[in-house]
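> Mind looking at a prediction? Sequence and model below.
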Amino acid sequence: MFIKHYEIDMTDYPRKSCHQYKHFNDFFTREILPDKRPIDKSENALISPADGKIIEHGNIEEGKLIQIKGVKYELCRLLDNNIMLSEDYKNGSFISIYLAPFNYHRIHAPLEGNLEQAIMVPGEMNRVDAKALSNIESLYTKNQRLIAKFKGPDFDCILIMVAARNVASMTYEKKSEAFSKGDEFGRFNLGSTVVILLPNETEIEWAPNVSFGNNVKLGEKIAQLSKIK
């Protein structure tokens, strides 16, 4: 019923029948066929870490990000009041990607890098759809979230997995500190949101497909990165 209701294309997945999954969560966190999500390996390309819909993207201005349609919130609160880390990103860039229930729910590294830290921040379980983002002030700073900082040979980034209603369970890869671009990092157990932050000294040229409401897929190039001279 879930597959039919959301019109999920099961040809993207190695296990194509619902009978091949042990239970619903096994299906929900299903693996995908690698050739269905090719990873853009071009130099200095930032890729989408997940399948989903772009909610907002742009510049972080003196520690303020846009939640949706001009509604702003505080970077420092998003980063669990880590003042030192916030300073490095307060004039950087961001993109927020919403994962609907029908999306592929594994999250992958948007850049090559070493995982320097991964901190689970307790919080609420508000919905994170467009209506909730319009009505709940600083929603991302209130919900439970996983903050992961990657340090790459050329560029750093922070990837934040934001929990939502029915998504209290998030898991992430603890076995390795070194990630290649596109390596699986973690997974949600129901739909939610991923926020990527780029630091102050990184210049962003967003890809043409990056705009409000557009769908992106894992591995697609969403920005070209360069160092600010």
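It's in. This structure is a prediction, so every number in the text was calculated from the model and none was measured. Numbers count the residues shown, from 1 in each chain.

> domains of the chain?
1-36, 38-227 (automatic domain parsing).

> quick check, distance from the first one to the centre of its chain.
Spelled out, it's domain 1-36. In terms of CA atoms, centre = their mean, to the nearest Å, the centre of domain 1-36 is set 21 Å apart from its chain centre.

> next one: the longest one
Domain 38-227 sits 4 Å away from the centroid of its parent chain (CA atoms, centre = their mean).

> Make a markdown table from the domains of the chain and add mean pLDDT to it.
Formatted as a markdown table, those follow (pLDDT from 0 to 100):
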| stretch | mean pLDDT |
| --- | --- |
| domain 1-36 | 91 |
| domain 38-227 | 91 |
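
> Of these, flag the one that's most buried.
Stretch with highest mean neighbour count among those: domain 38-227 (a mean of 18; mean count of other CB atoms under 10 Å). C-beta coordinates here come from the backbone N, C-alpha and C atoms, glycine included.

> what's the span of it from first residue to last?
End-to-end span of domain 38-227 (CA to CA, to the nearest Å): 26 Å.

> Then stretch 66-80?
End-to-end distance of stretch 66-80 (CA to CA): 17 Å.

> Ramachandran angles for the most centrally placed residue in the chain?
In the chain, the centroid-proximal residue (CA atoms, centre = their mean) is V194; its distance is 2.5 Å. Main-chain dihedrals, V194, degrees, to the nearest 10: phi -120, psi 130.

> quick one, what contacts it?
V194 is in contact with P49, A50, G52, S96, I97, L99, I107, L159, I160, M161, V162, counting by CB atoms under 8 Å, 6 or more residues apart in numbering.

> 10 Å - rerun?
Taking CB atoms under 10 Å, 6 or more residues apart in numbering, we find V194 in contact with 48-50, 52, 95-99, 107-108, 110, 145-146, 159-162, 186, 188.

> Equivalent analysis for M170, please.
By CB under 10 Å, 6+ apart, the neighbours of M170 are 105, 107, 120, 144-146, 161-163, 186-190, 192.

> which among those gets closest to H57?
Nearest to H57 out of the contacts of M170 is V162 (CB to CB; 15.3 Å).

> Give me the phi and psi angles of E87.
phi -60, psi -40.

> That one touches I60, doesn't it?
No: if you go by CB atoms under 10 Å, E87 and I60 don't touch, sitting 11.4 Å apart.

> what touches both of these two?
Residues touching both E87 and I60 by CB under 10 Å, 6+ apart: L75, P199, N200.

> Just the ones of those in helices?
Counting by DSSP state H, the shared contacts of E87 and I60 place L75 in helices.
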